[in-house]
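Visitor: my questions concern the predicted model and sequence given below.
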Amino acid sequence: MLLSFRVANHRSLREEQQLLLTPSYAADEPAEAPWEALTVAGIFGANASGKSNVIDALQYMAAMVSRSFRESEPGGGIERHPFALDPEALEEPSTFVADIIVEGVRHTYGFAVDDARVVEEWMYSYPHKKPRVIFHRELDVFKYGEHSPETLKQAEQITEPNVLFLSVAVRSKQRILLPVYEWFQRIEWRTARHLVMPYILEGLVSDDDPDLERIVTLLRAADTGIEDALVIEESEEEYDARKSARYRNPGRPDAPKRKRLSFQHRGADGGAALTMREQSTGTQSLYWLARPAFKALGRGGPFIVDELDSSLHPFLTAQLIRLFTEPESNPHGAQLIFTSHDVSLLGRIQGQEVLKRDHIWFTEKDECGATELFPVSDFKPRKEENRERRYLAGRYGAVPVLRDELFTAALAAREEDGADAPE
C-alpha cells in the first residue's frame, strides 16, 4: 500500500508536495478494515491547477523504475519535466519519493535526477519500525546496509549514470529489491496516455477472462440496458485477412484467432447484440474503468485514474469509489487515487457520504504558477459539515478565479466580428 508520495520540481510542482495516505480521522474508517493506509484519495481543483501533474509525477516515477534500464542510452541523459517558469528550477534536480508497505514491511524508495544523470537514489526498509539501509547512491558512490547482500555490488558495476540502480539490480536477480520493484509494476493506470484504447473499442478478450462476469454484472446494475455478454470468435475470412496482413512482416508467427465481446441488450421486441464500438461513451468508460479496477481489487494494488468522472454519471462514480472503501469488496487493501471536477463527490449521493474527510485533497496554483497540494483536513472540517457547499463557496480555496469583465469583453468581440462578417 502507498503511505505517501512526495515530488519536487516536476511540471507545475515546483516545491516539494506530498500526498499522504495515512488517516487523520480514524473514526471515519470502517472499524473492521484491516488496511494500514487509506484506500481512497481524490484530488479536486480548478482547471490547470496541477491535479493531473500529481498523477503524472507518480507515473513518471513508475516508468523510470520499469524502463530506465531498457530505454536509457549510455551518455544519453535523462528525459524529465522540471518546473519551466523558473530558470533556477531547470538547473535543479527533480525528486520523487514513495513510502509503501509491501509484504507487511514499510519501505522508502526515492531518487533525484537532473538532465544528465541520477544525482541520488536510495532505498530503506523498516522491518522492526527502525530504518535499515538497503542501498544509498550519491552520483557514483554507493553505500549498503549491514543486512544488504554482497551481490548488490555486482549490479553497481553495470549501472550507467543515467539509469536507476533499482531498474538494473532486479534484472540481475537481486531479490531484496524485487518487492518494491513489483509494487510499481502492479499499478493500474487510466490517464491521458491510455485514452487510445483499440483493444477496448474492438472488445477484444482472452480465453480466460476472470473478471468478465463481474464487469457484466456491474454494467447490468448501472442501467446500461446490457443483459449479458457474448464472446464471439472471428470468422475464418477475418482470420485469413489478418494473417495476410501479418505476412508483410516476415518472421512473425501466426497469432491465434481473436475473440470479441458482444453485449446483449434488452429491447421492445426482444434482445439485440451490439458490439463494443456500438456502445455509448458512458458504457465504454465504465467498462474501461471496471476492468483495471477489478484487477487492482483482486491483487491489492493501486488504481490511479485521471478524471475519474469523465463520461460517468455521479451515481456510477460514487459506486466505483465505494468498491474501494468497503472491506467486503476490497479485502486486499487496493487503493484508488483519482482526480475529478465532480464536486458532488464531496457531498452525499443517494443519501450516503461518498468521500470521508481524509480522502479529499485540493490543488491550487500561486501567482508564480506553482502548484500547492493540500488536504481538506488542513481546514479542520467537522464530520457533518457540507463539504460540497463549502468548496463551491470558496472556503477551501482551489476554485477558479473568474474575471467576468474578460468573459463579457470576449463575447462582445465575438458579436462584433459576427456583425462585420459578409452576408
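Guide: Alright, I've got the coordinates. Residues are numbered from 1 along each chain as shown.
Visitor: can you give me the helices for the stretch 251-400 of the chain?
Guide: Using DSSP state H, counting those that start in this stretch, the helices of the stretch 251-400 of the chain run over residues 281-299, 314-325, 387-392.
Visitor: any idea which of those gets closest to Asp223?
Guide: helix 314-325 (9.1 Å; CB to CB). C-beta here means a position set from N, CA and C on the backbone, and glycine is covered the same way.
Visitor: and the closest one, what does it pack onto?
Guide: The contact analysis (3 or more CB pairs under 8 Å, 6 or more residues apart in numbering; DSSP states H and E) places helix 314-325 against strand 40-45, helix 281-299, strand 335-340, strand 348-349.
Visitor: thinking again about what came up before, dump the helices of the stretch 251-400 of the chain to JSON lines, plus mean neighbour count and distance to Thr191.
Guide: Shown next, in JSON lines, are these (neighbours: other CB atoms under 10 Å; distance: least, CB to CB, whole Å):
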{"stretch": "helix 281-299", "mean neighbour count": "19", "distance to Thr191": "11"}
{"stretch": "helix 314-325", "mean neighbour count": "20", "distance to Thr191": "16"}
{"stretch": "helix 387-392", "mean neighbour count": "18", "distance to Thr191": "24"}
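Visitor: so can I have a markdown table of the ones you listed showing mean pLDDT?
Guide: As requested, these are exported to a markdown table (pLDDT from 0 to 100):
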| stretch | mean pLDDT |
| --- | --- |
| helix 281-299 | 90 |
| helix 314-325 | 93 |
| helix 387-392 | 94 |
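Visitor: for the protein, what's the longest helix?
Guide: In the chain, taking DSSP state H as the definition, the longest helix is helix 51-71.
Visitor: skip the chain neighbours and tell me the closest residue to Ile158.
Guide: Spatial nearest neighbour of Ile158, excluding adjacent residues (CB to CB, 6 or more residues apart in numbering): Val168 at 6.2 Å.
Visitor: what does the pLDDT read for the one you found?
Guide: Looking at Val168, its pLDDT stands at 94.
Visitor: where does it fall, secondary structure wise?
Guide: According to DSSP states H and E, Val168 maps onto helix 165-169.
Visitor: mind listing what's buried along the next helix-or-strand element following that helix?
Guide: Note on helix 165-169: by DSSP H and E, the next helix or strand toward the C-terminus is helix 178-185. In terms of neighbour count (16 or more other CB atoms under 10 Å), helix 178-185 has its buried residues at 180-181, 183-184.
Visitor: stretch 22-37 now?
Guide: 23, 28-29, 33, 35, 37.
Visitor: same question, stretch 51-67
Guide: Under 16+ other CB under 10 Å, the buried positions of stretch 51-67 are 51-62, 64-66.
Visitor: identify the farthest-apart pair in the buried residues of stretch 22-37.
Guide: Between any two of these, the greatest separation by CB to CB is 13.7 Å, found for Asp28 and Ala37.
Visitor: who touches both of these two?
Guide: Residues touching both Asp28 and Ala37 (CB atoms under 8 Å, 6 or more residues apart in numbering): none.
Visitor: so who does the residue nearest to Ile158 touch?
Guide: By CB under 8 Å, 6+ apart, the contact list for Val168 reads 69, 155, 158-159.
Visitor: circling back to that earlier point, how far off helix 178-185 does the longest helix of the chain point, in degrees?
Guide: Our comparison of helix 51-71 with helix 178-185, counting by axes from the mean of the first three to the mean of the last three CA atoms, to 10 degrees, yields an angle of 130 degrees.
Visitor: gap between helix 51-71 and the chain center?
Guide: The chain centre lies 10 Å from the centre of helix 51-71; the measure is CA atoms, centre = their mean, to the nearest Å.
Visitor: CA atoms only for it - export them in PDB, please.
Guide: This file holds the C-alpha atoms of helix 51-71, laid out as PDB (Å, rounded to 0.1, in the frame of the first residue of the first chain):
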ATOM      1  CA  LYS A  51      -4.200  17.900 -10.400                       C
ATOM      2  CA  SER A  52      -3.100  15.800 -13.300                       C
ATOM      3  CA  ASN A  53       0.600  16.700 -12.700                       C
ATOM      4  CA  VAL A  54       0.400  14.900  -9.300                       C
ATOM      5  CA  ILE A  55      -0.700  11.800 -11.200                       C
ATOM      6  CA  ASP A  56       1.800  12.400 -13.900                       C
ATOM      7  CA  ALA A  57       4.700  12.600 -11.300                       C
ATOM      8  CA  LEU A  58       3.800   9.200  -9.900                       C
ATOM      9  CA  GLN A  59       3.500   7.800 -13.400                       C
ATOM     10  CA  TYR A  60       6.900   9.200 -14.300                       C
ATOM     11  CA  MET A  61       8.400   7.600 -11.200                       C
ATOM     12  CA  ALA A  62       6.900   4.200 -12.100                       C
ATOM     13  CA  ALA A  63       8.000   4.500 -15.700                       C
ATOM     14  CA  MET A  64      11.600   5.300 -14.600                       C
ATOM     15  CA  VAL A  65      11.600   2.200 -12.300                       C
ATOM     16  CA  SER A  66      10.300   0.000 -15.100                       C
ATOM     17  CA  ARG A  67      12.100   1.300 -18.200                       C
ATOM     18  CA  SER A  68      15.200   3.300 -17.400                       C
ATOM     19  CA  PHE A  69      17.400   0.200 -17.800                       C
ATOM     20  CA  ARG A  70      15.900  -0.600 -21.200                       C
ATOM     21  CA  GLU A  71      15.400   2.800 -22.700                       C
END
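Visitor: list the buried residues in the following helix or strand past it.
Guide: Using DSSP H and E, the helix or strand that follows helix 51-71 in sequence is helix 87-91. By neighbour count on 16+ other CB under 10 Å, the buried set for helix 87-91 is Ala89.
Visitor: enumerate the beta-bridge partners assigned to Pro375.
Guide: Trp361 (DSSP bridges).
Visitor: please consider this matter closed, and thank you.
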